[in-house]
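Student: quick check, what structure comes out for this input:
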Amino acid sequence: METTSTKSPAVLIEANYFTWKGEMKAYLHTKELWLLVFGKETCPPASQVEEQAKWDQKEDKAAGKLFLHCSADQRLHFEDVQDDPVKI
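Tutor: Numbering: from 1, shown residues only. The predicted structure is shown next:
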């Protein structure tokens, strides 16, 4: 659940990439998802079942937030990797 103190970033459109990029990065930091999206937090080994399940949930959240903050016109650029927040 978002608090009122967390500003949601603008939706990415053709003309606002640089503004969106900065806002989205800050937003993902506040949601503790930036390290995953940036590729510094990697999936734990399959032997660590609970940790892997938590990571999978974070990956899904990050992908969803990125997807929802892009206009339909921009989503077509990453439709083949929409479930992978690192590739988005």
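
Student: check the offset of the helix ranked longest in the chain from the chain's centre.
Tutor: What stands out as the longest helix in the chain, according to DSSP state H, is helix 49-68. With Cα atoms, centre = their mean, to the nearest Å as the basis, helix 49-68 stands 9 Å off its chain's centre.

Student: excluding chain neighbours, what is closest to the residue nearest in space to the middle of the chain?
Tutor: Nearest to the geometric centre of the chain sits residue 62, at 3.0 Å (Cα atoms, centre = their mean). Spatial nearest neighbour of residue 62, excluding adjacent residues (Cβ to Cβ, 6 or more residues apart in numbering): residue 85 at 3.8 Å. Quick note: C-beta positions are derived from backbone N, CA and C, even for glycine.

Student: and for residue 35?
Tutor: residue 41 (4.0 Å).

Student: was I right about the one you found contacting residue 51?
Tutor: No. The criterion here is Cβ atoms under 8 Å, and residue 41 misses it with residue 51 at 11.0 Å.

Student: mind listing what residue 68 touches?
Tutor: Under the criterion of Cβ atoms under 8 Å, 6 or more residues apart in numbering, residue 68 has no neighbours.

Student: wait, what's in contact with the residue nearest to residue 62?
Tutor: Residue 85 sits in contact with 33, 36, 37, 59, 62, 63, 66, where contact means Cβ under 8 Å, 6+ apart.

Student: state the helix or strand in which it lies.
Tutor: Per DSSP states H and E: residue 85 is located in neither a helix nor a strand.

Student: now it: how far from residue 15?
Tutor: 23 Å (Cβ to Cβ, to the nearest Å).

Student: phi and psi next, for residue 70.
Tutor: Dihedral angles of residue 70 (phi, psi; degrees, to the nearest 10) stand at phi -120, psi 140.

Student: check contacts around it.
Tutor: Going by Cβ under 8 Å, 6+ apart, residue 70 touches 11, 12, 78.

Student: returning to that earlier point: compare residue 41 and residue 51 (neighbour count), which wins?
Tutor: Taking neighbours as other Cβ atoms under 10 Å, residue 41 and residue 51 compare with residue 41 leading, 17 against 12.

Student: measure that one to residue 9 for me?
Tutor: 20 Å.

Student: next: residue 37.
Tutor: From residue 37 across to residue 9, the span is 13 Å (Cβ to Cβ).
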